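Asker: Below are the sequence and a predicted model; questions follow.
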Amino acid sequence: MKRRSMFSADAIPPDARNVIDEFDKILQSVFPANGRQLASLPKHINALSHALTDERSERRRGYMNAPETLSAYVRYFSWWNIVRFTRLFANFEKDAFALSNGDACLDVGSGPLTAVISLWLSRPELRNKKLTWYCMDISQASLALGENLYLSIAARVPPSDKSAEAHWNIVRVKGELGEPLRQKASLIVCADMLNELRETDARSDEIRAKQYASSLLSYAAKKCALLVIEPGVPSAARIISLMRDTLLKKNMTIVSPCPHEGACPMNGYRAHTGSASKWCNFAFSTEDAPPSLLKLSKDAKLPKTRAVVSFLFARNAFEKGNAKAASAEFPIRIVSDAIALPGRASGHYACSPLGLTLAVPSSGITLFSGDRIAVGKIGDPVRLPKDEKTGAPVITV
C-alpha cells in the first residue's frame, strides 16, 4: 500500500509556517486597527459569519468595500482560508502546477488575494517564477489591501533564487466572471466564489455548473490548469461535481481529488435538503492552527475544531505516460472521518474506480480524510464484501 496525505502540515515550508502563525501581526502592519476596533472585532466577525450563511439574502452587493466588514473578513476568514489553502496546496504533487516564466495566471473572485498569498507561501518553486497574476474582484478596496498584504508577505518569504523577481506582478481587475483580460491564463483559480454566485442565480445547478465551467475556461491558455475551491457544504460540493462532468466532456483530466474519471459517487444530489446522498468534502483537525486564530474564533463565538473544503483540480494537458504508470495500481481516495462498524471495527467511506467504497484499515493503520491510497490488484470486484448500509464494496487496506 502507498499513501499520500492531502493535509500534512509537514509539507508546509518552515518559513511559511512562521508567516501563517503571525498573520495577524503582519496584517496589523499593513492594515492597522486601533484598540477600540480590535475590541469590537469578534462582534463584527460573528455578524459577517451570519451574513455569509443564514442571513446571506440580506447581504448587499459589494459588502467587502465597507471598512469594518473588510477588516473582519481579512482578519478572520482570510486567515482561516490561508490555513486551509496552504495545507491543501503544499500537498499537491511536486509538478502539479507546471508553470513557466512569463505565464499569466487568474484568480477569479480574488478578494484580498488569499489564494495568491497561499500559493506563494506553500509552493516555494513558484516563488522563483516570473508570473503575472490577474486578480479579479468587484471590491477595489479588497484587492488593494490584498496586494499590499501579498507584497509584505513576499518580502518576508523571498524566492530562493537570488536572481528571481522579488514578487509576482499583480494586476488588479475590478469586475466579475466574464470580465475580459489581455492574456490567456495558464492557471485559473476560483476560490470561495461560486457559492456566492449561487445566491443571486435562480437557474438550476446543472445549468449554472456548465456556465461557470465554460466561463472559467474562456480564460484558459492552450495548456492550463483549473483549481476550484469551495466550502465543504453540500450545495458547493454539488456544483463542483457537476462542473467535473462538464470538464471531463471537454477532455480535461482530473488531477485531484478524484482517483478515477467515472461517474461521481458523491455528487451531493439534493444533499442540502436532507437526502441520504453523500457529498465530496475533506477535513483536517485545527488543533495545530495558530493559537491567536483559535482564540479569535472562540471570542467570536465561532469555535472551529475542523477545517473543511471541497475542491477540484483539473488540467487540459497532461502526460499520457503518467496516466499509464498509475493504471498499474488501484487508487482509493479517503473521504470521510472514521465511522464505527460492527465488531468494534472502523472504516472510512472513500472514492475509487468502483464508485463509493468502504475502506477498512488493517490493524495498526490509521487513515485520515483526504488520504490517497494506492493498493495492488483487488481481484474480482464482484467477490468483494458489501457494506450493509450503502451496498458499497469493502476493501481492506
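Answerer: Everything's here; your move.
Asker: switch to C-alpha atoms for all contacts and neighbour counts from now on
Answerer: OK.
Asker: low pLDDT regions in this structure?
Answerer: Across the chain, the ranges flagged by pLDDT under 70 are 54-64, 198-200, 271-276, 317-327.
Asker: so who does the residue nearest to the spatial centre of it touch?
Answerer: The centroid of the chain falls nearest to Ile229 when counting by CA atoms, centre = their mean (3.7 Å). Residues in contact with Ile229 (CA atoms under 8 Å, 6 or more residues apart in numbering) are 190-192, 309-312.
Asker: what do you get for Asn195?
Answerer: By CA under 8 Å, 6+ apart, Asn195 lies in contact with 230-231, 235-236.
Asker: what kind of secondary structure is it in?
Answerer: helix (DSSP: H, G, I helix; E, B strand; the rest coil).
Asker: Wasn't Lys223 part of a strand?
Answerer: Yes - checked against three-state DSSP, Lys223 lies within a strand.
Asker: so it makes contact with Leu217?
Answerer: No - assessed by CA atoms under 8 Å, Lys223 is found out of contact with Leu217, at 11.1 Å.
Asker: what about the two, which has more around it?
Answerer: Neighbour totals were compared for Lys223 and Leu217, and Leu217 leads with 19 against 15 (other CA atoms under 10 Å).
Asker: how close does that one sit to Asp205?
Answerer: 18 Å (CA to CA, to the nearest Å).
Asker: Run a quick neighbour tally on Thr132.
Answerer: Count around Thr132 with other CA under 10 Å applied: 19.
Asker: now do Pro291
Answerer: Quick note: Pro291 (other CA under 10 Å) scores 13 neighbours.
Asker: neighbours of the nearest residue to it once chain neighbours are set aside, just the number please.
Answerer: Distances taken as CA to CA, 6 or more residues apart in numbering place Asp21 nearest to Pro291, at 7.8 Å, with adjacent residues excluded. If you count neighbours by other CA under 10 Å, Asp21 ends up with 18.
Asker: just the one 4 residues further on next, same as before
Answerer: As a burial measure, the neighbour count of Lys25 was computed by other CA under 10 Å and equals 13.
Asker: what secondary structure does it sit in?
Answerer: helix.
Asker: Next one: it relative to Leu149, how far apart?
Answerer: With distances taken as CA to CA, Lys25 is found 11 Å from Leu149.
Asker: what's the distance between Ala98 and Lys223?
Answerer: 10 Å.
Asker: One more: Arg127?
Answerer: 20 Å.
Asker: Leu126 too?
Answerer: 17 Å.
Asker: try Pro303
Answerer: For Pro303 relative to Lys223 (CA to CA), the value is 42 Å.
Asker: Going by residue numbers, what spans are strands in the stretch 101-250 of the chain?
Answerer: 104-108, 132-137, 169-174, 185-191, 220-230 (DSSP state E, counting those that start in this stretch).
Asker: between the shortest one and strand 132-137, how many degrees?
Answerer: Pointing back at strand 104-108 there. Put simply, strand 104-108 runs at 10 degrees to strand 132-137, going by axes from the mean of the first three to the mean of the last three CA atoms, to 10 degrees.
Asker: buried sites along the stretch of helix or strand Leu294 belongs to?
Answerer: Using DSSP states H and E, the element containing Leu294 is helix 291-299. The neighbour-count check on helix 291-299 (16 or more other CA atoms under 10 Å) flags 293-294, 296-297 as buried.
Asker: before we move on, back to that, of the contacts of Ile229, just the buried ones, ChimeraX syntax please.
Answerer: Here is the ChimeraX command that picks out the buried ones among the contacts of Ile229, judged by 16+ other CA under 10 Å:
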select :190,191,192,309,310,311,312
